[in-house]
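K.L.:
Based on what follows, work out the 3D shape:
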Amino acid sequence: MPKNEAKANKVNQTGLYWLGKRTEVERVILPFQVVETINESKTDREKAQRDLFTKQARDELWRNKLIWGDNKYIMASLLPEFAGKISLIYIDPPFATGADFSINIKLGDLKWTKEASVIEEKAYRDTWGRGLDSYLQMMYDRLVLMRELLADNGTIWVHLDDHVGHYAKILLDEIFGKEQFINEIIWYSPDNFQGNVNRYADNHNLVLVFGKTQGVRLQRVKIALDKPIKRDKRIWDKELGKVVAARDEKGKIIYETFTQKFADNVWTIGQSSVSKERSMEFLGYPTQKPEELLRRVVLSASNEGDLVADFFCGSGTTLAVAEKLGRRWIGSDLSKFAIHTTRKRLLDIKECQPFEVLNLGKYQKAKLKENGVSRYIDFILKLYRAESLSGYTTLHGKKAGRMVHIGDVDSIVTEREIRETVKECASAGVKSVDILGWDFEMGLHDLVDRIGDEYSVNIRLVQIPREALEVRDAAREEVKFFDLNYLELEHKLSGKTLTIALKEFVISNPEYLPGEVKEKVGKFTDYIDYWAVDFDYRNDTFHNMWQSFRTRKHPSLETKCSHIYEKAGKYQVLVKVVDIFGNDTNKMLEVEL
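P.N.:
Numbering: from 1, shown residues only. Here you go, the predicted model:
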C-alpha cells in the first residue's frame, strides 16, 4: 500500500486537518485576582468581604468582569463557575492575515504606533508562527472551551472574513456539530470605499452562528425600511394549512402599511461610525465594530439579565452594547491597552453597573525558551550585567550588592511571585532585590513598598526592554533597563476634606517614544490618559471612587480632585494613574483626619 494512502486511511471522519492537529485541549485552572472595582456602592463594598489574596468577593452580588490575559487560560479558569451558563458568546478573533498587536496612539493632533508588548508578541508567534496550522490550532482550542461555557440554549457568533471563514465553518461543524449551524450573517458595508484595480472591493465580513444544541432559535430583530410599503395582511389558514392574504367581510384583501421588516442574513451597516473621527462612536481602535452590529447580535440571542461574553473584546463594543441593553457580561483581551480602552468606554456609559477588572493570578509556566530555563536566566543576567548565583529558589543573580530575580518570559510578574522572592531575601539576610520582568501584574507597582516594609527588603521593579529579544550575544551587546513609571502627588487636608493633585509623572522606557512625540509633550500630564482614586483603600481591591480620563469629546484631564469624609480617623488613599500606553502606576497615601 502506498505511504500516502496508508496515511489517508487513518482519517475516520470528515473534518479539517493540519500538521500537528491536537483535539485534546488542556484546561489549566488558575486563580483570578481582582485589581479594580468600579461603580460599586459603599454598602456592597462592605458586604463583599473579599478574599485576602485573590480579592474575590464572598457575597452573591453579580459584578461584570473585564479580564486581562490569554483567553485560553481565562476560559479554562472560568469553567468551574460558568460552564453551561453563558447565553451568548460573540468573538471577533484575528483573521490570520498577518495583523499584529500594534496600536495607534494619539497625543493631541499627533499620532504614532505603539508596538506590541513582549507577551503580545509571544501570542503572535504562537498564533501565526507556523502559518495557518498554528492559527487553526489556536482557534480549535478556544472554540472547544467556548462550547463548554455555553448554556444548552446558548449561541456562539464567530466574526471572520474571507481569509479564514471557510476554514472556521468546518471547525465549528466538527466542534459543535453541523446540525447546530443556524446562520451565516453577511455584514455589508456600503461606505467602505476601496481603490482596488484588479479585483472587486472587499466590502463584507461574515458572522457564523451556531447553537450549543439542536433547535436553538434566534429572536429576529426588525430594521427600518427606507420608505413605508403597503402590502396585504398575511394570516394562517388552518383549513388550507398555509399562509394566505387576510380579507374583510366583503372578501376584499386587507392591506397594511409597514415601516419595518425582519432583518434577513445580509446586514447593511456602514463603518463610518467607527472609521471617521467626527463620528460619535469613533475610538481610533483598529478593530472597532459598530454598535449597531452588536446590538442586533445581542438582541437576537439574549434577554435582559442573560450572560454575554466576548473573549477577544478589543475596544469593548460587545460589552458596551450588553451593558446598555441590560445584560450581564464577561470580556477579556490580551492587550492592556484594549482593557484600558474598554474600561474608559464603560465608564462613559450613564449608570453603568458595577464591574471588576481582573488578572489571572499566575500564568501557566510552559517552556520559556527552546534552550531551557537556565540558559534563559543566564542570558538575561548577562544583559543586566549581573553575576549568576546558585543555591536559591527565587534569587538568580547579584548586581552591585543587590539580589536579582528574573521573571518568566511568557508570564507577568505577580504579587505572589514578589512575596516569595522577598521572603527568601529576608531568610538569607539580604536587604535589597531587583525584580526584572517583561510585564507586571496590573495594580501592582508601588504597592510593593508595603511588601518590602513587611520583610525589611528594598524592592526595585525593573522592566526588561523589548530589544532583549533581538540580542544574539548578551556578553557583547548592550540594552538599557528602566524602572517602572514614577508618580508623585501633592495632598492637602482641610477639616474633613482631602485634596489630591498630580505633581510629577515620569514615564518608563522614554526611548521608545518617537522624537516628534517627545517634542510634542509640553508637560508631564500629557503622558497620562486616566487617573482614579480610592479614598478608603482597605487592602481589599482598588475601588474607583473618582476618576478623570480623556475622551475624543473631552480631551482635557483634571489634575486635582477632592473628597469629603464622613468620619474622622486614619485612611489609606490609593491613586491609580494609567499612561497613554495603557500601563498603570499606583501610589499610596496615608492620611489622618
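K.L.:
which regions of the stretch 401-550 of the chain sit below the pLDDT cut-off?
P.N.:
Within the stretch 401-550 of the chain, the set of residues satisfying pLDDT under 70 comprises 410, 442-443, 445-446, 466-467, 469-472, 509, 511-512.
K.L.:
Please enumerate the helices of it.
P.N.:
Per DSSP state H, counting those that start in this stretch, the stretch 401-550 of the chain has helices spanning 415-427, 448-455, 515-520. These are given in chain order.
K.L.:
If you count neighbours, what's buried in the first one?
P.N.:
Applying a neighbour-count criterion of 16 or more other CB atoms under 10 Å, the buried positions in helix 415-427 are 415, 417-419, 421-426. C-beta coordinates here come from the backbone N, C-alpha and C atoms, glycine included.
K.L.:
Residue 464: what's it in contact with?
P.N.:
118, 380, 407, 436-438, 481 (CB atoms under 8 Å, 6 or more residues apart in numbering).
K.L.:
redo that, cut-off 10 Å
P.N.:
In this structure, residue 464 makes contact with 118, 380, 383-384, 406-407, 409, 413, 436-439, 479, 481-482, judged by CB atoms under 10 Å, 6 or more residues apart in numbering.
K.L.:
for residue 558, same thing?
P.N.:
Counting by CB under 10 Å, 6+ apart, residue 558 touches 501-502, 525, 531, 546-549.
K.L.:
sorry, back to before: out of the contacts of residue 464, who's nearest residue 304?
P.N.:
Nearest to residue 304 among the contacts of residue 464: residue 439, at 37.5 Å, using CB to CB.
K.L.:
Spatially nearest residue to the closest one (excluding sequence neighbours)?
P.N.:
The spatially closest residue to residue 439, leaving aside those adjacent along the chain, is residue 412, at 4.8 Å (CB to CB, 6 or more residues apart in numbering).
K.L.:
Just among the contacts of residue 558, which is most surrounded?
P.N.:
Highest neighbour count within the contacts of residue 558: residue 531, with 27 neighbours (other CB atoms under 10 Å).
K.L.:
Residue 160: neighbour count?
P.N.:
Count around residue 160 with other CB under 10 Å applied: 22.
K.L.:
same question but for residue 325, I mixed them up
P.N.:
Other residues near residue 325 come to 17 when the count uses other CB under 10 Å.
K.L.:
Relative to residue 320, how far out is the spatially closest residue to it that is not a sequence neighbour?
P.N.:
With CB to CB, 6+ apart as the criterion, residue 325 has its nearest non-adjacent residue at 5.5 Å, and that residue is residue 298. Between residue 298 and residue 320 the distance, using CB to CB, to the nearest Å, works out to 10 Å.
K.L.:
ditto for residue 301
P.N.:
Summarising the geometry, the distance separating residue 301 from residue 320, computed by CB to CB, is 17 Å.
K.L.:
Then residue 167?
P.N.:
Noted for residue 167: a distance of 30 Å to residue 320, by CB to CB.
K.L.:
Neighbour count for these two, which is higher?
P.N.:
A count of neighbours by other CB under 10 Å puts residue 320 above the other of residue 167 and residue 320, at 22 against 17.
K.L.:
all strands of the stretch 451-593 of the chain, in order?
P.N.:
In chain order, the stretch 451-593 of the chain shows strands spanning 458-463, 482-483, 486-494, 497-506, 528-534, 542-544, 546-549, 560-564, 570-579, 584-592, with DSSP state E, counting those that start in this stretch as the criterion.
K.L.:
what are the ranges of the strands in the stretch 151-300 of the chain?
P.N.:
When assigned using DSSP E, counting those that start in this stretch, the strands of the stretch 151-300 of the chain occupy the ranges 181-188, 204-211, 222-232, 234-237, 242-245, 255-262, 266-268.
K.L.:
now the helices for the stretch 201-350 of the chain?
P.N.:
272-275, 291-301, 317-324, 336-347.
K.L.:
next one: the third one to chain centre, how far?
P.N.:
Computed by CA atoms, centre = their mean, to the nearest Å, the separation of helix 317-324 from the middle of its chain amounts to 14 Å.
K.L.:
With only the CA atoms kept, save it in CSV.
P.N.:
Only the C-alpha atoms of helix 317-324 are listed here, as CSV (Å, rounded to 0.1, in the frame of the first residue of the first chain):
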residue,chain,number,x,y,z
THR,A,317,-18.1,47.2,21.7
THR,A,318,-19.8,43.9,22.8
LEU,A,319,-19.6,44.8,26.5
ALA,A,320,-20.8,48.4,25.9
VAL,A,321,-23.8,47.2,24.0
ALA,A,322,-24.6,44.4,26.5
GLU,A,323,-24.4,47.0,29.3
LYS,A,324,-26.8,49.4,27.6
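K.L.:
and the angle from it to helix 336-347?
P.N.:
Orientation note: helix 317-324 sits at an angle of 20 degrees relative to helix 336-347 (axes from the mean of the first three to the mean of the last three CA atoms, to 10 degrees).
K.L.:
pLDDT on helix 317-324, on average?
P.N.:
Helix 317-324 comes out with an average pLDDT of 98.
K.L.:
So which elements touch it?
P.N.:
In terms of contacts (3 or more CB pairs under 10 Å, 6 or more residues apart in numbering; DSSP states H and E), helix 317-324 is packed against strand 64-68, strand 86-91, helix 291-301, strand 307-310, strand 328-333, helix 336-347.
K.L.:
Pull out the buried positions in that helix.
P.N.:
Residues of helix 317-324 classed as buried by neighbour count (16+ other CB under 10 Å): 317-324.
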